[in-house]
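> sharing a model that was predicted from the sequence below.
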Amino acid sequence: MPGRTNGVVPNGTSSAEDLSVTDSLLSCAPTLQQNQLTEDPPSRRSDDDDGKSLSFSIIPVVSNILSESREGSLQDDAGFRVLRFPPSIDLDPEGTVTFIAPEADRHTGPCRLRVNPTTVSAISPLFRQLIASTKPWPRSRAHKIHLQPGESIFALLTIMRIAHLDFAMISPSLDFQQLLDIALLCKKYGCNYIVIPFLRTWIHPFRTSFLDPGHEQYLFIAHQFGFENDYLQLTRHLVMHLTLSPDNKPLALDGRPLAGSHFPPFCLQRILSVRATLIRSLLAATHHLLDTMVLHDTCQARQPPGPTLPNDAAECTCLNHSSLFRSLAPLGYRPPVDMNMLLRRSVARIVHELSTARVMTWRHQDGTENGAGAQEGDRHWGCNAGRALRFRVEQLVDGLGRVPLEEETEKLRENGAVFRTGVWMRGGGE
């Protein structure tokens with residue numbers, strides 16, 4: 001049968017013995033996965049030899065490379081262990097370099113990957129150094145390179161397929177973790193350019209979902225491949241929506257700990273610093289407005305012709321101050337403030353609470369109320385302290401500007417330049 005070999009196992013004379021032998025072999029499948037794993041239940045056949053009937057179990061072996069799947073190397077199927085990735089993939093059967101997957105990563109790809117050393121060396125100087133620094137076995141002159149824990153064998157397989165021009169076997173779509181693993185590998189070995197023909201297709205599903213909880217590490221992907229607008233949008237989103245746990249660990253929008261640990265250098269620290277500064281600025285603006293109404297009249301009433309009643313401005317200011325103070329006090333914004341408690345809140349929540357504070361304003365002599373429902377032509381329309389606070393809050397949020405530092409943005413643009421220019425096989429020519 002093409003793509004398969006058959007292992008023939010002699011059984012005993014009884015059906016029970018036959019089953020016990022088969023079950024014994026199958027139970028050892030995980031430890032024998034570099035040899036053969038079963039795909040279908042064992043079939044039986046009988047051959048006559050010198051008048052004796054011998055029973056054999058035919059065990060089909062999965063060796064077809066088309067059986068690869070991103071869901072994992074091993075999968076249970078009706079009591080059998082099915083190999084979804086071959087134990088070994090030979091991109092070059094004559095290759096003398098074999099990459100060996102970490103034990104914890106063997107469910108995501110093949111256990112071994114044989115490649116051509118000349119092709120690998122041409123990918124980038126860092127790959128060339130990796131092969132040169134590995135001592136070959138004395139007789140075979142073969143190099144065995146063990147991937148480090150955390151390095152993805154699937155990401156390496158994808159990069160090597162591109163380098164070996166095995167385009168037909170490259171997956172047209174990736175899940176988020178696989179895309180992140182490829183970005184990490186491209187950073188480690190300096191080979192952004194090699195994924196250019198495939199990156200836009202791979203990344204497209206995440207261009208509309210990277211703000212969702214659990215995709216915070218898209219920051220690394222956007223930074224590595226130079227998607228500046230995505231990067232700026234996500235950093236600003238995290239500034240506005242991150243919260244802190246009681247032990248000051250960052251939490252995502254859904255309240256869970258921030259997913260993963262792969263972020264551009266100092267990016268997460270910068271986001272936390274900017275959000276803390278913004279929260280302090282919002283609190284300072286609120287207290288400044290309250291203090292101003294204590295020390296000065298803030299009435300902005302449009303006076304009618306004739307003398308102004310001196311109590312009008314004072315009464316208007318006191319009503320605004322007391323109602324604003326009363327609205328903010330239950331929310332924790334009344335001095336003295338528990339700053340640690342406020343820093344655990346998201347900026348978005350603080351902005352909403354400050355912007356929606358209910359304030360009473362001075363009334364007309366006819367009993368109608370100035371305030372949220374007042375018209376711009378009304379005499380005390382401009383006195384509403386809640387509207388004044390909302391305007392100041394909007395100014396501070398709009399002035400947030402660019403979260404990343406300038407050197408961070410320069411590196412991002414440098415990565416993006418490689419993606420846009422598409423300098424193919426640049427690494428091999430250096």
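Happy to help now that I have it.
> which parts of the helix or strand encompassing Met341 are buried?
Using DSSP states H and E, Met341 maps to helix 339-344. Applying a neighbour-count criterion of 16 or more other Cβ atoms under 10 Å, one finds 342-343 buried in helix 339-344. The C-beta positions use only the backbone N, C-alpha and C, and glycine is treated the same way.
> what's that helix packed up against?
Under the contact definition 3 or more Cβ pairs under 8 Å, 6 or more residues apart in numbering; DSSP states H and E, helix 339-344 sits against strand 243-244, helix 267-295.
> now the longest one: mean pLDDT?
Model confidence over helix 267-295 averages 90 on the pLDDT scale.
> buried set for it?
Of the residues in helix 267-295, 267-268, 270-272, 274-276, 278-279, 281-283, 285-286, 289-290, 293 count as buried by neighbour count, 16+ other Cβ under 10 Å.
> same question, stretch 382-396
382-390, 392-393, 396.
> from the residues you listed, which land in strands?
Among the buried residues of stretch 382-396, no member falls in strands (DSSP state E).
> go through those residues and name the one nearest Val115.
Leu396 (54.4 Å; Cβ to Cβ).
> what's the distance between the closest one and Ala285?
6 Å (Cβ to Cβ, to the nearest Å).
> so where do the strands sit in the stretch 51-200 of the chain?
With strands called from DSSP state E, counting those that start in this stretch, the stretch 51-200 of the chain shows them at 52-60, 74-77, 80-83, 88-90, 97-100, 112-115, 143-146.
> name the residues that touch the last one?
What it means is strand 143-146. Strand 143-146 has contacts (Cβ atoms under 8 Å, 6 or more residues apart in numbering) with 96-100, 102, 117, 130-131, 134-137.
> avg pLDDT for that strand?
86.
> just the buried positions in that strand, please.
Within strand 143-146, the residues scored as buried using 16+ other Cβ under 10 Å are 143, 145.
> direction included, what does that strand pair against?
Sheet pairing for strand 143-146, assigned by DSSP bridges, gives strand 97-100 (parallel).
> now the strand it pairs with: average pLDDT?
Rounded mean pLDDT across strand 97-100 is 90.
> can you list the domain ranges for this protein.
6-83, 88-244, 273-398 (automatic domain parsing).
> how long is the second one from one end to the other?
Start and end residues of domain 88-244 are separated by 45 Å (Cα to Cα, to the nearest Å).
> would you mind measuring from Val393 to Ile145?
Applying Cβ to Cβ to Val393 and Ile145 gives a distance of 56 Å.
> what of His215?
31 Å.
> what of His262?
22 Å.
> and for Leu242?
39 Å.
> quick check: which ranges of the protein have low pLDDT?
1-86, 104-109, 137-140, 259, 302-311, 361-381, 402, 405-406, 418-430 (pLDDT under 70).
> which residues do Leu396 and Ala285 both contact?
In contact with both Leu396 and Ala285: no residue, using Cβ under 8 Å, 6+ apart.
> with just CA atoms, put stretch 324-341 into PDB.
Output in PDB follows, covering the C-alpha atoms of stretch 324-341 (Å, rounded to 0.1, in the frame of the first residue of the first chain):
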ATOM      1  CA  LEU A 324     -20.500  66.900  42.300                       C
ATOM      2  CA  PHE A 325     -18.800  66.000  45.600                       C
ATOM      3  CA  ARG A 326     -21.800  64.000  46.600                       C
ATOM      4  CA  SER A 327     -21.900  62.100  43.300                       C
ATOM      5  CA  LEU A 328     -18.200  61.200  43.400                       C
ATOM      6  CA  ALA A 329     -17.800  60.400  47.100                       C
ATOM      7  CA  PRO A 330     -19.400  56.900  47.000                       C
ATOM      8  CA  LEU A 331     -17.200  56.000  44.000                       C
ATOM      9  CA  GLY A 332     -14.000  56.600  46.000                       C
ATOM     10  CA  TYR A 333     -12.900  59.900  44.400                       C
ATOM     11  CA  ARG A 334     -13.400  62.000  47.500                       C
ATOM     12  CA  PRO A 335     -10.100  63.100  49.300                       C
ATOM     13  CA  PRO A 336      -8.400  61.300  50.900                       C
ATOM     14  CA  VAL A 337      -8.200  58.800  48.100                       C
ATOM     15  CA  ASP A 338      -7.100  55.200  48.300                       C
ATOM     16  CA  MET A 339      -4.700  55.400  45.400                       C
ATOM     17  CA  ASN A 340      -4.000  51.600  45.400                       C
ATOM     18  CA  MET A 341      -7.600  50.900  45.000                       C
END
